[in-house]
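Asker: Sequence plus predicted model, see below.
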Amino acid sequence: MFSATWIIRLLPPAPLIGRWSTRRTRANGFTPNGGSTGCYSMRMPYLVDSFKHTPVPLPTVPTTPRRVHCGGNGGKKPAMCCLKRQQPQEPKSPTGLKAGSIDRRPFISWDMPTYTKRGWPKKNDPPPPAREIKAFHVWEADTPKGPWKNAGGVPVQYRVNVKRAVMEPTNLRFTPSRGMEPTNLRFAPPRGDGTRYYAITSEEHSGLESRELSEVIRVSVMGGQAIGRIVAKAGQKGFWKTPPTAPEDLKVVKDETPGHYQLTRGDPNDPKIRYYNIYYSIAGEPSAEQKNRIASVPVGTTKYLDWLADPAKPGFYCITSVDRQGNESKP
């Protein structure tokens, strides 16, 4: 799901006769009722000599800073570029949690979430399951309200149902009894008899995770037999607030080209990290604020070239980690 938050209109129209220039602009953020919410920094390179820029906000929430490229069109029409804000919809958590036992080995199972009520391919058929989910995360607690800890994950495998023309998941089960299973159909942290509470979240291939827990199931195990009962509705928020591990060994090297800085860092061993925020300032070490953020890079990215820094002043940087729940580390 995407929404255009800013339209930057460059007036007046002009032919592409200028030189490359880089300017830093500031644009006001607006709330749906038109009230200002402050200024957000944005770097905008454009191939013109003396364009004036006028931000024309749409009635949505402010965007995060992005770098955009705006080009003219020979002077025939006003040059325009759109700065779009990614506003993805978090995946739904699974439903229908159940507990049971097979050969005195307890397990928890669930149903794949769906994003429509309409049956497929016929209206009377079951709705098609979600296809974007790559894994489920199992959360465990001593009480139905937490505190929660991540007990493990279950990767999703799909098979094609030719008759229904849909991709169906094949492994929606978690086994809270022993160690890791030799296949990926079950995941089992050490756990003996007793009563525990479990909930599930979904993770998409992009790393986006449900921000609300599924319904909470109480699982009582005795002698390998499990009895499950739903004790809380779905929708519990803020269940994980621990910041992820901060990036390691940030190194900043000034390039021979003015305004170019090469950033390298280590990748911390934290499976919850989804991406990293990069902050920049010319007035000393930047604070981790939106106005200083110049980029967000996915996990696994250990190098970044800042090619739009101020060529006349030294640049200062810091990097933070952001996990699947949106928690941000210290620089």
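Answerer: Received it, and whenever you're ready, just let me know what you need. Numbering: from 1, shown residues only.

Asker: Show me which helix or strand of the chain is least confident by mean pLDDT.
Answerer: When each helix and strand of the chain is scored by mean pLDDT, DSSP states H and E, strand 21-30 comes last, with a mean of 32.

Asker: Output the below-cut-off pLDDT ranges for the stretch 51-200 of the chain.
Answerer: Scanning the stretch 51-200 of the chain for pLDDT under 70 picks out 51-87, 171-191.

Asker: Show me the strands in it, by range?
Answerer: 52-57, 79-86, 95-102, 105-111, 133-141, 149-155, 158-161, 166-169, 173-174, 194-204 (DSSP state E, counting those that start in this stretch).

Asker: highest average neighbour count across these?
Answerer: strand 173-174 (a mean of 23; mean count of other Cβ atoms under 10 Å). Backbone N, C-alpha and C define where each C-beta goes, glycine included.

Asker: wait, doesn't W139 sit right on T201?
Answerer: Yes. Judged on Cβ atoms under 8 Å, W139 makes contact with T201 at a distance of 6.8 Å.

Asker: give the contact list for S287.
Answerer: Residues near S287 by Cβ atoms under 8 Å, 6 or more residues apart in numbering: Y279, S281.

Asker: SS state for it?
Answerer: coil (DSSP: H, G, I helix; E, B strand; the rest coil).

Asker: Make residue 1 into 3 and carry on from there
Answerer: Yep, numbering from 3; the last one is S289 now.

Asker: where does it fall, phi/psi-wise?
Answerer: Phi and psi for S289, reported as degrees, to the nearest 10, are phi -80, psi 150.

Asker: Can you give me the distance of it to N279?
Answerer: Taking Cβ to Cβ, to the nearest Å as the measure, S289 falls 12 Å from N279.

Asker: okay, now the domains of the chain?
Answerer: 4-88, 97-234, 250-325 (automatic domain parsing).

Asker: who's P157 bridged to?
Answerer: A137 (DSSP bridges).

Asker: Dump the strands of the stretch 53-202 of the chain into JSON lines; add distance to I219 as well.
Answerer: JSON lines is the format used below for the strands of the stretch 53-202 of the chain (distance: least, Cβ to Cβ, whole Å):
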{"stretch": "strand 54-59", "distance to I219": "45"}
{"stretch": "strand 81-88", "distance to I219": "33"}
{"stretch": "strand 97-104", "distance to I219": "4"}
{"stretch": "strand 107-113", "distance to I219": "7"}
{"stretch": "strand 135-143", "distance to I219": "11"}
{"stretch": "strand 151-157", "distance to I219": "13"}
{"stretch": "strand 160-163", "distance to I219": "24"}
{"stretch": "strand 168-171", "distance to I219": "19"}
{"stretch": "strand 175-176", "distance to I219": "11"}
{"stretch": "strand 196-206", "distance to I219": "5"}
